[in-house]
Structures are given as structure tokens and as C-alpha cells.
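Chemist: coordinates only, no sequence provided:
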């Protein structure tokens, strides 16, 4: 495991180990820089589940969030009748602006994968 950063300034790029799923498939990650208000992690399969779901379930938790971020936010979609996680995000706060930017980035990632 890579060493955990002590501050956001050390997190210039996600380590390669965190850009792959357990089955070594590419994990789509939003860019990380000093001004990042969030990090999005989603596989193509996860984005596909969300793009085909008529309903999403969203929830955030503060206890499981890494120290550098304020909230761990997950979006679930329905696949074969079961809710499955489609996207994981770490947010630096819970303002309307941060949520809008996160959902815009998610939509752009779905378009880039030709899912929308």
C-alpha cells in the first residue's frame, strides 16, 4: 500500500495502485490537485449501472471519510433488482457548489464512456 498523504498538498496524483479495480480494470478517477474539492472513483461498470438506473440512492457519511476530506459520498444504482454502488466520492465539504461540481464531473465521465 502506498503511504497515506499527511495533507492535500501531498496528494498531487492518486497512486497507480488506487486507479485499478480488484480485477485490474481501469478505475475512472477525477483529477486531483491542490484545489480539488472532491475525488471521484468509479469503474466503467459502476457508471454503466448508474446510467441505466431509473433511481439512484445517495448517502454520505462522515465517520468513514479519510482525514483529508470531510465526507465519503456513495451513489447506488439498481442492477438486476439490487442496489449496487456505482460511484464513491470524497468531498471536502457539503456546499451546494461542491455537490454541483461533483455531479457535473460524474455526468461528463458518463458521456466520455458513451453511457449517456
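Modeler: Sure thing, it's come through. None of these values were measured; they are calculated from a predicted model. Numbering: from 1, shown residues only.
Chemist: so where is this protein shaky, pLDDT-wise?
Modeler: Along the chain, segments meeting pLDDT under 70 span 1-2, 8-9, 11-14, 28-35, 113-116.
Chemist: could you rerun that using 90?
Modeler: Counting by pLDDT under 90, the chain shows low-confidence ranges at 1-55, 61-70, 79-81, 88-90, 92-95, 97-98, 101-116.
Chemist: nearest to the spatial middle of it, which residue is it?
Modeler: Nearest to the geometric centre of the chain sits residue 40, at 2.5 Å (C-alpha atoms, centre = their mean).
Chemist: looks to me like it is in a helix.
Modeler: No. Going by DSSP: H, G, I helix; E, B strand; the rest coil, the assignment for residue 40 is strand, not a helix.
Chemist: return the distance of the longest helix belonging to the chain from the chain's centre.
Modeler: For the chain, the helix reaching the highest residue count under DSSP state H is reported as helix 96-112. Chain-centre distance of helix 96-112: 10 Å, with C-alpha atoms, centre = their mean, to the nearest Å.
Chemist: do a quick rundown of the helices in this structure.
Modeler: Applying DSSP H to the chain gives helices spanning 44-52, 96-112.
Chemist: what does the longest one contact?
Modeler: Residues lying outside helix 96-112 but in contact with it, judged by C-beta atoms under 8 Å, 6 or more residues apart in numbering, are 28, 30, 37-38, 40, 42, 47, 50-51, 73, 75, 87, 89, 91-92, 116. Every residue, glycine included, has its C-beta placed from N, CA and C.
Chemist: buried ones among the residues you listed?
Modeler: Buried by 16 or more other C-beta atoms under 10 Å: 28, 30, 37-38, 40, 42, 47, 50-51, 73, 75, 87, 89, 91-92, out of those.
Chemist: pick out the most distant pair among these.
Modeler: Spatial extent of the buried ones among the contacts of helix 96-112 (C-beta to C-beta) is set by the pair 51 and 92 at 26.0 Å.
Chemist: my read: the residue nearest to the centre of the chain touches residue 89, true?
Modeler: Yes. Residue 40 is within contact range of residue 89, at 5.0 Å (criterion: C-beta atoms under 8 Å).
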